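>>> Sharing a sequence plus its predicted fold:
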Amino acid sequence: MGELTDKIKGNVNEAIGKAKEAIGNNTENADLAAEGKAQQVEGKGEQVKGKVKGALGDDI
């Protein structure tokens, strides 16, 4: 995957994770809230991966 794809995927995962966390908190569902937080971390990781690829020219 390219730089832009990784960044977009990261943003989507972060947004979905935030929604899951909010729903989990509002419904007192700790598992869903934790899943949302984990998905946000995954999304941030994908964004970093995209930035690294951009800096190195997608050759990694």
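Everything's here; your move.
>>> Pull out the buried residues from the longest helix along the chain.
The longest helix of the chain (DSSP state H) is helix 30-56. Neighbour counts over helix 30-56 (16 or more other Cβ atoms under 10 Å) mark 32-33, 35-36, 39-40, 42-43, 46-47, 49-50, 53 as buried. The C-beta positions use only the backbone N, C-alpha and C, and glycine is treated the same way.
>>> between those residues, which is closest to residue 7?
Of all the buried residues of helix 30-56, residue 50 has the smallest distance to residue 7: 3.8 Å, by Cβ to Cβ.
>>> Identify the residues contacting the closest one.
Contacts here follow Cβ atoms under 8 Å, 6 or more residues apart in numbering; on that basis residue 50 touches 2-7, 10.
>>> Make a ChimeraX selection of the buried ones in those residues.
To isolate the buried subset of those in ChimeraX, counting by 16+ other Cβ under 10 Å, use the following:
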select :3,6,7,10
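>>> Quick check: the gap between the residue nearest the centre of the chain and residue 57.
The centre of the chain sits closest to residue 43, judged by Cα atoms, centre = their mean, with a distance of 1.4 Å. Distance of residue 43 to residue 57, computed by Cβ to Cβ, to the nearest Å: 23 Å.
>>> thinking again about what came up before, and the buried residues of helix 30-56 as CSV, adding distance to residue 25 and pLDDT?
Formatted as CSV, the buried residues of helix 30-56 follow (distance: Cβ to Cβ, whole Å; pLDDT from 0 to 100):
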residue, distance to residue 25, pLDDT
32, 9, 97
33, 5, 97
35, 12, 97
36, 9, 97
39, 14, 97
40, 13, 96
42, 19, 96
43, 18, 95
46, 24, 94
47, 23, 93
49, 28, 91
50, 29, 89
53, 34, 87
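>>> quick one on the thing from earlier: and the residue nearest to the centre of the chain, what is it in contact with?
9-17.
>>> Likewise for residue 7?
Counting by Cβ under 8 Å, 6+ apart, residue 7 has contacts 46-47, 50-51.
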